[in-house]
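[1] sequence-free structure coming up:
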Ligand code: HEC
């Protein structure tokens, strides 16, 4: 109870800070590196790509990308909930082998962009439970561009310390088709 009350309070505080920072002009407050000219808003990207087709163009062995993703992660206040290195804090950890809706690039991009409520309205269901069960706010307007979000996801990938086979989502139990 105490925990979810804290998360709720944080989300309210968060929502008001988003309102203050991001006027309707859609300015991107957190861009640290020049985004490619093809970059568009995360919501536009997610809305225009068929489900399952979004793919991270970056590798988490690319240190420059990971470093820029780390800056964007803290700039977008992800760490306020998930801890500065994705270990959990008051919200689910990002670095373990448990993926609530799936750990593939496409699902993570959409979860961060849309938040829990909209993601679920698009037919995604909870497959796994973490230590905290609470909705994630939509961050698509806080993260400036799809390119920024891929950098953030690359940083999250770099933090991973769960079982190797679960890095991009755990394989289904043997004998089942995916
Ligand atoms: C207000 C708190 C809050 C903020 C800010 C927040 N998240 Fe979350 N996040 C959550 C909660 C709560 C969940 C669990 C959602 C659910 O169970 O539906 C979650 C889930 C996730 C997951 C899936 C974890 C898993 O184990 O499957 C990822 C990835 C994630 N968040 C990334 C981010 C990123 C990147 C940012 C910053 C752009 C961010 N979050 C900002 C609260 C937050």
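    Done, it's in. It should be emphasised that the depicted structure is a prediction, and the values quoted were computed from it without experimental measurement.

[2] most centrally placed residue in the chain?
    In the chain, the centroid-proximal residue (CA atoms, centre = their mean) is residue 112; its distance is 3.6 Å.

[3] That one - nearest residue in space that isn't next to it in sequence?
    residue 139 (5.1 Å; CB to CB, 6 or more residues apart in numbering). Placement of C-beta: from N, CA and C, glycine included.

[4] go on, residue 87?
    Residue 87 sits nearest to residue 93 (CB to CB, 6+ apart), 5.4 Å away.

[5] Tell me if I'm right that the one you found and residue 81 touch.
    No: counting by CB atoms under 8 Å, residue 93 stays clear of residue 81, with 10.8 Å between them.

[6] still on that earlier bit, show me the contacts for the residue nearest to residue 112.
    Residues in contact with residue 139 (CB atoms under 8 Å, 6 or more residues apart in numbering) are 42, 76, 78, 112-113, 115.

[7] Show me which residues of the protein sit near the ligand.
    10-11, 14, 76-78, 80-82, 91-92, 94, 98-100, 108, 111-112, 116, 130, 133-137, 139, 143, 152, 156 (CB under 6 Å from any ligand atom).

[8] Quick check on those: which are buried?
    Buried subset of those (neighbour count, 16 or more other CB atoms under 10 Å): 10-11, 14, 76-78, 80-82, 91-92, 94, 98-100, 108, 111-112, 116, 130, 134, 136-137, 139, 143, 152, 156.

[9] if I look at residue 150, how far off is the ligand?
    Distance, residue 150 to the ligand, by CB to the nearest ligand atom, to the nearest Å: 11 Å.
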